[in-house]
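Chemist: would you be able to build a 3D model of this:
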Amino acid sequence: MKLKPFIIISCYLAFVWQSCKKSEQPELIWEEDSRVSAIELISGDGQIGVFGERLRDSIVLKVSGRDGDKRYYWLNYQFRKGNGQVDAVAIGPEYVDKGTPDKDGYVRLKWELGCNSEQQEILVRLYSDTVYHYPGGGETEVRRPDDSVVISAKGIKPTGWGKACGCGIINPYDARFFEHADKLYLINPNHITGGLYVSEDGGFNWRLIQFPIQDEIVAAHFDQNNRLYVLTRNLGIYYADDLSFWRSLNNGFLGTSYGSTLLVDNQSLFVGFDYNGIYRSNDRGTFWRKLLIENNFSTPYRFITKHPNGNLYVFDKWDNFYRSGDNGDHWEQLYVDHQYINYKVDDFKVGPDGNLYIGAGDATLSVISPDSLQGTKHSYYEWNGSSQHINNISFYNNHVYYLVNWTNNPGIYSSANNWEKIELNFKKRIANYYLKNANDFLLVADDNIYVNYK
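Modeler: Here you go, the predicted structure:
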């Protein structure tokens, strides 16, 4: 079996190099070649594209083998430059695996460029074995590939809003951001590529923090000693002092299913489970004590928050509101006027001014005093909308920012803008956001995190 000579031609209409790239490979004669299989780069090399976006043309590879279909072929991808990602091009409704060629030996890829390098390269390594022996797994770490090929591309920065890179498939509504020691952290509870990520450049590029537990991460917080606590959905809480060696802190829980809320302060740790109530630890997680609110053992609680004056606040699943003045030993129910909690509580924060900020259904933001439980509200309700609500309350420079959802004019609003919408010139619907400073946002749409490249 012989491989015929082939020519690679790359010409572009957008983001153009002014000349076409042309290259040839010598004819492969199996009788004179020691390889079991070979891989050719047919087309798609040398393109120019935008950071975070797919290249216009697919990458086409061809796999051929000495023994044809009597062997199993598997491709491994390594990003030598750049932090993008490649996926197989789907033809029809069937699932296509980028790791194996089709029946004709072709692999067609869509390449989404990374955001951390102008010059980008992928090393594709080909392995083969008999149909009775899969060549994947850890075997490729010690075994030489049959053949390999390098694919290159050039990335350019977008103008204005562009995608961030390295954060996996984003969960737009449940993703959460926090900042510590000049780094940004992302909790992405996507069940496929979710986890805990860190960014050292303001959110343009993200790196996954290796976490040994195969479970969804619900919340994470640092304490004053730079120890990071992580709450999982079903396996309890873990901590690390260096983000590499993790230990569990689950002594005293009656169950660890459906973790939902985590609070870390200088005095205590608090963990909530949807069907197991709230627990407190006064010894940094060595032992946990269950807290009883209205003598309920298994009620789901949300938004556990500590006020600067030491009071604890929490809502239950029915929007009943409770306060504790002795760090959770005893609780009293608070009765807030219906006008301030209209329909359903979607967010709760204590502001830098000491007031309580409640984001609720019917697109209502309320600001009330912790003493009188009276205050003001800002409503953006529209009669022809549905599921209207306010969440993602945050603060910067003594102003409040918040997300108004599912009205005819959704977006980020702020007291700094007279309680009106901030115009960000972002064309997609904002599902989530993080405020880096007054004029610098991370915006989360349904498909990715977006950063302003300016």
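
Chemist: what's the closest non-adjacent residue to residue 435?
Modeler: Using Cβ to Cβ, 6 or more residues apart in numbering and skipping residues adjacent in sequence, the residue nearest residue 435 is residue 394, 5.0 Å away. Quick note: C-beta positions are derived from backbone N, CA and C, even for glycine.

Chemist: you'd agree the one you found is in a strand?
Modeler: Yes: assessed by DSSP: H, G, I helix; E, B strand; the rest coil, residue 394 belongs to a strand.

Chemist: show me where the stretch 51-200 of the chain has its strands.
Modeler: 59-65, 71-81, 85-88, 106-112, 119-130, 147-156, 161-163, 176-180, 183-188, 195-199 (DSSP state E, counting those that start in this stretch).

Chemist: nearest to residue 324 among these would be which one?
Modeler: Of all these, it is strand 176-180 that lies closest to residue 324, at 24.3 Å by Cβ to Cβ.

Chemist: hang on, the earlier thing: nearest to residue 453 among the strands of the stretch 51-200 of the chain would be which one?
Modeler: Checking the strands of the stretch 51-200 of the chain against residue 453 by Cβ to Cβ gives strand 161-163 as the closest, at 5.1 Å.

Chemist: give me the contact list for that closest one.
Modeler: 50-53, 115, 425-427, 443, 448-453 (Cβ atoms under 8 Å, 6 or more residues apart in numbering).

Chemist: got a winner among the residues you listed for most neighbours?
Modeler: residue 449 (28 neighbours; other Cβ atoms under 10 Å).

Chemist: look up how far residue 52 lies from that residue.
Modeler: Distance, residue 449 to residue 52, using Cβ to Cβ, to the nearest Å: 9 Å.

Chemist: anything in contact with each of these two?
Modeler: Residues touching both residue 449 and residue 52 (Cβ under 8 Å, 6+ apart) are 163, 164.

Chemist: quick one, what contacts residue 61?
Modeler: 39, 40, 41, 42, 75, 101, 106, 107, 108, 109, 124, 149.

Chemist: now for the residue nearest to residue 435, how many residues are close by?
Modeler: Look at residue 394: counted by other Cβ under 10 Å, it has 19 neighbours.

Chemist: name whatever forms a beta bridge with it.
Modeler: Beta-bridge pairing for residue 394 (DSSP bridges): residue 401.

Chemist: show me what contacts it?
Modeler: 349, 400, 401, 402, 434, 435.

Chemist: per-residue pLDDT, it?
Modeler: Predicted confidence (pLDDT) for residue 394: 96.

Chemist: give me the distance between it and residue 63.
Modeler: Counting by Cβ to Cβ, the gap from residue 394 to residue 63 is 50 Å.

Chemist: repeat that for residue 240.
Modeler: For residue 240, the distance to residue 63 (Cβ to Cβ) stands at 42 Å.

Chemist: again with residue 96
Modeler: For residue 96, the distance to residue 63 - Cβ to Cβ - is 14 Å.

Chemist: how about the nearest residue to residue 386, chain neighbours excluded?
Modeler: Nearest one to residue 386, counting by Cβ to Cβ, 6+ apart, is residue 406 at 6.4 Å.

Chemist: for PyMOL, write the selection for the buried entries among the contacts of residue 394.
Modeler: Selection of buried members from the contacts of residue 394 for PyMOL, criterion 16 or more other Cβ atoms under 10 Å:
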select buried, resi 349+400+401+402+434+435
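
Chemist: could you dump the contacts of residue 394 into JSON lines and include distance to residue 267?
Modeler: Formatted as JSON lines, the contacts of residue 394 follow (distance: Cβ to Cβ, whole Å):
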{"residue": "349", "distance to residue 267": "20"}
{"residue": "400", "distance to residue 267": "26"}
{"residue": "401", "distance to residue 267": "28"}
{"residue": "402", "distance to residue 267": "29"}
{"residue": "434", "distance to residue 267": "27"}
{"residue": "435", "distance to residue 267": "27"}
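
Chemist: which residue is nearest the centroid of the protein?
Modeler: residue 188 (3.3 Å; Cα atoms, centre = their mean).

Chemist: burial of the residue nearest to residue 386, as a residue count?
Modeler: When neighbours are counted by other Cβ under 10 Å, residue 406 registers 13.

Chemist: cool, residue 302 as well?
Modeler: Residues near residue 302, counting by other Cβ under 10 Å, number 18.

Chemist: so what strands line up beside the one helix or strand it maps to?
Modeler: Using DSSP states H and E, residue 302 sits within strand 301-306. Using DSSP bridges, strand 301-306 pairs in its sheet with strand 312-316 (antiparallel).

Chemist: what's the strand it pairs with in contact with?
Modeler: Contacts of strand 312-316 (Cβ under 8 Å, 6+ apart): 270, 272, 278, 293, 296, 299-307, 321-324, 327-328, 331, 345, 348, 350, 356.

Chemist: which of those are buried?
Modeler: Those of the contacts of strand 312-316 that meet the buried threshold are 270, 272, 278, 293, 299-306, 321-324, 327-328, 331, 345, 348, 350, 356, by 16+ other Cβ under 10 Å.

Chemist: in the stretch 351-454 of the chain, which spans are strands?
Modeler: Going by DSSP E, counting those that start in this stretch, the stretch 351-454 of the chain shows strands at 356-360, 364-368, 375-379, 389-396, 399-405, 411-414, 420-421, 432-437, 440-444, 449-452.

Chemist: pull out the buried residues from the first one.
Modeler: By neighbour count, and taking 16+ other Cβ under 10 Å as the criterion, the buried residues in strand 356-360 are 356, 357, 358, 359, 360.

Chemist: would you turn the strands of the stretch 351-454 of the chain into CSV with distance to residue 161?
Modeler: Output for those, formatted as CSV (distance: least, Cβ to Cβ, whole Å):
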stretch, distance to residue 161
strand 356-360, 25
strand 364-368, 26
strand 375-379, 27
strand 389-396, 18
strand 399-405, 17
strand 411-414, 13
strand 420-421, 17
strand 432-437, 12
strand 440-444, 7
strand 449-452, 5
